[in-house]
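K.L.:
here is my input, please return the structure:
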Amino acid sequence: MLTADVRQMAQAQHRLLDEGKDPLEERNNERLERDIKAGVAVRVRDLVEKYYKAKIAKKSRNYRKSAARFFDHIDKTIGDMPVTMVTPAVICDQAELSKWWVEKHPSAIQLLTHLKRMFSMAMAERTITVNPAAYKDNLEHLLPDHDHKVKHRESLPYEDLPKFMADLRRYEDRSGRKTGHTTVAYAVEFAALSGARVDEVCQRNGRKSMGTYGASRPSISKWAIYMGR
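P.N.:
Reported below is the predicted structural model:
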């Protein structure tokens with residue numbers, strides 16, 4: 001390269017600095033524009049597909065179905081955007097995370113989890129250097145306060161319990177697998193008869209025997225011991 005060419009390039013860089021612009025950032029923007037025009041820029045939609053194949057495709061059918069609604073939302077809102085152009089503000093506004101954060105907070109947390117993992121994958125592949133969906137020291141300062149209150153379902157009237165138990169014992173797997181009476185149905189029946197908490201029953205799920213589970217808690221009846229025999 002000739003000295004004159006080098007001098008011109010240096011002068012161009014100095015002009016950018018004088019204008020308060022970052023020469024490296026300007027160069028990256030020019031490269032991104034060329035990639036977009038050539039159709040080779042990695043879009044958010046491409047990242048979603050790669051993330052799905054790597055992390056979601058082998059999950060259970062129910063998990064895939066649950067996650068699909070978040071991917072559909074991401075694709076609809078920012079799917080066409082190049083990954084390198086996604087900023088924390090884009091995540092909050094265009095991907096509507098701020099809106100969800102207030103109106104449906106539990107779903108917003110799941111959406112954020114997928115976004116964070118997706119862009120973390122992009123960082124690992126050197127597509128980006130900063131995760132725009134990181135919460136700590138990032139989105140936590142941009143997302144609005146929320147006042148989410150859990151709405152519990154009404155308790156089952158005592159007089160309806162016999163019918164509920166009869167329906168529960170008749171319940172069969174409705175999926176294509178047709179596995180018969182489901183594990184969930186057994187667990188619900190156990191919880192109803194024993195007085196155990198739902199999370200306690202879930203923690204015991206998959207073990208060979210309930211044994212004397214719950215016998216140490218006075219609030220759990222003798223049925224907890226009987227059901228395990």
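K.L.:
only C-alpha atoms for contact and neighbour calcs from this point on.
P.N.:
OK.
K.L.:
got the CA coordinates for stretch 117-137 in PDB?
P.N.:
Presented in PDB, the C-alpha positions along stretch 117-137 are these (Å, rounded to 0.1, in the frame of the first residue of the first chain):
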ATOM      1  CA  ARG A 117     -29.700 -18.200  26.000                       C
ATOM      2  CA  MET A 118     -30.000 -17.500  22.300                       C
ATOM      3  CA  PHE A 119     -27.700 -14.500  22.300                       C
ATOM      4  CA  SER A 120     -25.300 -16.300  24.600                       C
ATOM      5  CA  MET A 121     -25.000 -18.900  21.800                       C
ATOM      6  CA  ALA A 122     -24.300 -16.100  19.400                       C
ATOM      7  CA  MET A 123     -21.600 -14.800  21.700                       C
ATOM      8  CA  ALA A 124     -20.000 -18.300  21.800                       C
ATOM      9  CA  GLU A 125     -20.000 -18.300  18.000                       C
ATOM     10  CA  ARG A 126     -18.300 -14.900  17.900                       C
ATOM     11  CA  THR A 127     -21.300 -13.300  16.100                       C
ATOM     12  CA  ILE A 128     -21.600 -10.700  18.900                       C
ATOM     13  CA  THR A 129     -19.400  -9.700  21.800                       C
ATOM     14  CA  VAL A 130     -22.100  -8.600  24.300                       C
ATOM     15  CA  ASN A 131     -25.400 -10.300  25.200                       C
ATOM     16  CA  PRO A 132     -28.200  -7.700  24.700                       C
ATOM     17  CA  ALA A 133     -30.600  -9.900  26.700                       C
ATOM     18  CA  ALA A 134     -28.400 -10.200  29.800                       C
ATOM     19  CA  TYR A 135     -30.400  -9.200  32.900                       C
ATOM     20  CA  LYS A 136     -27.800  -8.300  35.500                       C
ATOM     21  CA  ASP A 137     -26.200  -4.900  35.000                       C
END
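K.L.:
quick check: buried residues in it?
P.N.:
Buried residues in stretch 117-137, counted by 16 or more other CA atoms under 10 Å: Arg117, Met118, Phe119, Ser120, Met121, Ala122, Ile128, Asn131, Pro132, Ala133, Ala134, Tyr135.
K.L.:
how far does the top helix by length along the chain sit from the chain's center?
P.N.:
For the chain, the longest helix by residue count, based on DSSP state H, is helix 105-124. The chain centroid and the centroid of helix 105-124 are separated by 5 Å under CA atoms, centre = their mean, to the nearest Å.
K.L.:
quick check: mean pLDDT of stretch 164-172?
P.N.:
Stretch 164-172 shows a mean pLDDT of 91.
K.L.:
please read the previous query as pertaining to stretch 45-54.
P.N.:
94.
K.L.:
what are the contacting residues of it?
P.N.:
Here stretch 45-54 makes contact (CA atoms under 8 Å, 6 or more residues apart in numbering) with Phe71, Ile74, Asp75, Ile78, Gly79, Asp80, Met81, Val83, Met118, Phe119, Met121, Ala122.
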